[in-house]
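Visitor: The sequence and its predicted three-dimensional model are supplied below.
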Amino acid sequence: MPPFDALVAANRAYVASGAHRDLPVRPVRNLAVVTCMDSRIAAFPTLGLELGDAHVIRVAGARVTDDVRRSLALSTHLLGTRYVAVVGHTDCGLADPTGDLPERLAEVMGHPAEPRDWHSFTDVAEAVRGDCEDLLGWPDRPEGFEVGGYVLNVRTGELDEVAPPRPAPPVA
Ligand SMILES: [Zn+2]
């Protein structure tokens, strides 16, 4: 059954419960979290975040793509975030050790998938570390920028630090 009516009904109940609050637009903890779209990741409770605390940017594979950098440019320069946590996870659909993701997609779609970089990876910790490294050298980073990398175990909910938080070098 399509979920749409249930979404709206649930929203009515949510508003009636009084759980929602009117908050300032700037994230209180000056934090942006980059994580995957995976349905098993409850970003806020897993990381002890409350509404209004952080930007949560979710993309397949938690990869720092151009569009994630677009969001981070707005997040940091207009909305005051300084700290970025990149949170990959175990059992991610973008883990593609055999490199056949485009072929598997094409098989399901019935025609070749649009050629593009799917940002798949062989090892999630390695992917997170690489993205953290790239972000530390991001030319558009703000002053006082710091980046940490983590892998969330989607079975246990446990978070592993795979790239200890580090300040970026001063912007030239
Ligand atoms: Zn994923």
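Guide: Received the coordinates, thanks. Residues are numbered from 1 along each chain as shown.
Visitor: Run through who's touching the worst-scoring helix or strand of the chain on mean pLDDT.
Guide: For the chain, using mean pLDDT, DSSP states H and E, the weakest element among its helices and strands is helix 101-109, scoring a mean of 93. Contact with helix 101-109 is made by Leu94, Pro112, Ala113, Pro115, Trp118, Ser120, as judged by Cβ atoms under 8 Å, 6 or more residues apart in numbering. Glycine gets a C-beta too; all of them are placed from N, C-alpha and C.
Visitor: Just the buried residues of the residues you listed.
Guide: Buried subset of the contacts of helix 101-109 (neighbour count, 16 or more other Cβ atoms under 10 Å): Leu94, Trp118, Ser120.
Visitor: closest to the ion among these?
Guide: Leu94 (5.6 Å; Cβ to the ion).
Visitor: Excluding chain neighbours, give the residue nearest to that closest one in space.
Guide: Nearest non-adjacent residue to Leu94, counting by Cβ to Cβ, 6 or more residues apart in numbering: Gly61, 3.1 Å away.
Visitor: ok so the one you found is a helix residue?
Guide: Yes: applying DSSP: H, G, I helix; E, B strand; the rest coil, one finds Gly61 inside a helix.
Visitor: tell me the two of the contacts of helix 101-109 that are most distant?
Guide: Greatest spatial distance in the contacts of helix 101-109: Leu94 and Pro112, 19.0 Å, computed using Cβ to Cβ.
Visitor: Now render the buried ones among the contacts of helix 101-109 as TSV, adding pLDDT, secondary structure and distance to the ion.
Guide: Output for the buried ones among the contacts of helix 101-109, formatted as TSV (pLDDT from 0 to 100; DSSP: H, G, I helix; E, B strand; the rest coil; distance: Cβ to the ion, whole Å):
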residue	pLDDT	secondary structure	distance to the ion
Leu94	96	coil	6
Trp118	94	coil	12
Ser120	96	coil	10
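Visitor: quick check: mean pLDDT across the top strand by length along the chain?
Guide: The single longest strand within the chain, with elements called by DSSP state E, is strand 159-167. Averaging pLDDT along strand 159-167 yields 98.
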